[in-house]
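*Asks:* Build me a model:
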Amino acid sequence: MNRRVVVTGIGLVCGCGIGTDEVWRNLLAGKSGIGSITHFDPAAFDCRIAGEVRNFDPLVWVEKKELKKMGRFIQLALAASEFAMQMARLEVKPEFADAAGVYIASGIGGFDVIEREHSKYLQGGPGKISPFFIPASIVNLASGHVSIRYGAKGPNSATATACSASAHSIGDAYKIIQRCDAEVMIAGGSEAAITPMGVGGFAAMRALSTRNDEPERASRPFDAQRDGFIVGEGAGVLILESLEFAQKRGAPIFAEIVGYGMSGDAYHITQPAEGGDGGYRVTMAALKDAKISADDVSYVNAHGTSTPIGDAIETTALKRVFGERAKKVPISSTKSMTGHLLGGAGGLEAGISVLALRDQILPPTVNYENPDPECDLDYVPNQARKAALEYALSNSFGFGGTNASLIFKRWTEK
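*Replies:* Numbering: from 1, shown residues only. From the prediction side, this is the model:
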């Protein structure tokens, strides 16, 4: 369990861009990827804005005859995985295919397929349901398609733990490599829930922002005028490898993953536990796993969804973790630009955390304009900032009280 595990590839697709370089460039520039919904007519909805992946052509990534077999979340996962594989300069060869696995999460899966096929059923009866309905929509088929594409025959799984899902998948993949059950894991998450039922469901909970006239300013984590989150879509995938395997094949190394924590709130189906209990315990678990203290953490990529309750409780949890040092630790929520990718958020934000370590720069929290007395930490407001970074913490919290925390370390040989 002492094997070192490194990150050799990062694939990002979201409202801020298609491809890791484009996403990272736009995030550092503070450019929002949130706009008016175009996937369906949102006129009747309270929330009419989202973080869509615009100009995404699935035919770039998938043969036309294959499209009917996969929902949009699978298509996005394939795109992100290809970016990650290219960055890692990785080809799964037959001699190590059994040691290469896939662990790609989704909180919701193929909502677009479910809604489309249900409509066909209502209009024409069961005979109109596609034979590809089930495999196109179930959560584990993102992992399935990726493994098929690259010939990865090792561990193959998926998590569906709401907004913690892809952080859990990366953490679980890390542990799979640590215990020698694989040498390489393609891990992360994908989500495509910008559909009438997806947006309508979250709106019915009053969880979404209704700042429809100012889409780019709607997601404002930790700001006093935050009024809810913005649904985003996309995927974030990392290539994790044992250090020995990565070095043997001459892979580029961008960071090391050193800590993983899990916790449950045991409190409420949607609200986080009072006092940030779950967030505090999951971070402390990750610190313990990494064998470091809170004083070692240089940066936090927060869950930071832009909800009034969630951001305040997360701030409380971070204050408990860092104590007197809390106001000196830079914290940002890139959801201010990407929206909330739900089950894909942890994968996207893990990738962003690794890029921050690689380039020694902090991505900003945009739209932070009105300080909230309850949220009084350093949220890297509005502009990226150079910094000396050693350890980055990425937190993800999900409905049902499921929490995940990942810790990455700046790459050094020792």
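
*Asks:* wait, is residue 408 part of a strand?
*Replies:* Yes - assigned with DSSP: H, G, I helix; E, B strand; the rest coil, residue 408 falls within a strand.

*Asks:* count of residues packed around it?
*Replies:* Using other Cβ atoms under 10 Å, residue 408 has 31 other residues around it. The way it works is simple: take the backbone N, C-alpha and C, and place the C-beta from them, glycine included.

*Asks:* so what's it scoring on pLDDT?
*Replies:* What the model reports as pLDDT for residue 408 is 99.

*Asks:* Likewise for residue 2?
*Replies:* If you check residue 2, the pLDDT there is 82.

*Asks:* Run a quick neighbour tally on it.
*Replies:* A count of neighbours around residue 2, defined by other Cβ under 10 Å, yields 4.

*Asks:* how close does it get to residue 290?
*Replies:* According to Cβ to Cβ, to the nearest Å, residue 2 stands 12 Å off from residue 290.

*Asks:* and if you look at residue 368?
*Replies:* According to Cβ to Cβ, residue 368 stands 29 Å off from residue 290.

*Asks:* my guess is residue 175 contacts residue 260, does it?
*Replies:* Yes - under the criterion of Cβ atoms under 8 Å, residue 175 is in contact with residue 260, at a separation of 6.6 Å.

*Asks:* Of those two, which one has the most company?
*Replies:* For residue 175 against residue 260, the residue with the higher neighbour count under other Cβ under 10 Å is residue 260, and the figures read 24 against 15.

*Asks:* Remind me which helix or strand that one belongs to.
*Replies:* strand 255-264 (DSSP states H and E).

*Asks:* Any chance of the backbone angles for residue 117?
*Replies:* phi -70, psi -30 (degrees, to the nearest 10).

*Asks:* Dump the C-alpha coordinates for the longest helix seen in the chain into CSV.
*Replies:* Ranked by number of residues, the top helix in the chain under DSSP state H is helix 72-88. Taking only C-alpha atoms (Å, rounded to 0.1, in the frame of the first residue of the first chain), the coordinates of helix 72-88 have been written out as CSV:
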residue,chain,number,x,y,z
ARG,A,72,-24.3,12.2,-24.3
PHE,A,73,-22.5,11.5,-21.0
ILE,A,74,-20.8,8.6,-22.7
GLN,A,75,-19.8,10.7,-25.7
LEU,A,76,-18.3,13.4,-23.4
ALA,A,77,-16.5,10.7,-21.4
LEU,A,78,-14.9,9.3,-24.6
ALA,A,79,-13.8,12.8,-25.6
ALA,A,80,-12.2,13.5,-22.2
SER,A,81,-10.6,10.1,-22.1
GLU,A,82,-9.0,10.7,-25.5
PHE,A,83,-7.5,14.0,-24.4
ALA,A,84,-6.2,12.3,-21.3
MET,A,85,-4.7,9.4,-23.2
GLN,A,86,-3.0,11.7,-25.7
MET,A,87,-1.5,13.8,-22.9
ALA,A,88,-0.2,10.7,-21.2
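
*Asks:* tell me the domain boundaries of this structure?
*Replies:* Using automatic domain parsing, the domain parsing of the chain gives 5-248, 260-410.

*Asks:* Fine, thanks again, bye for now.
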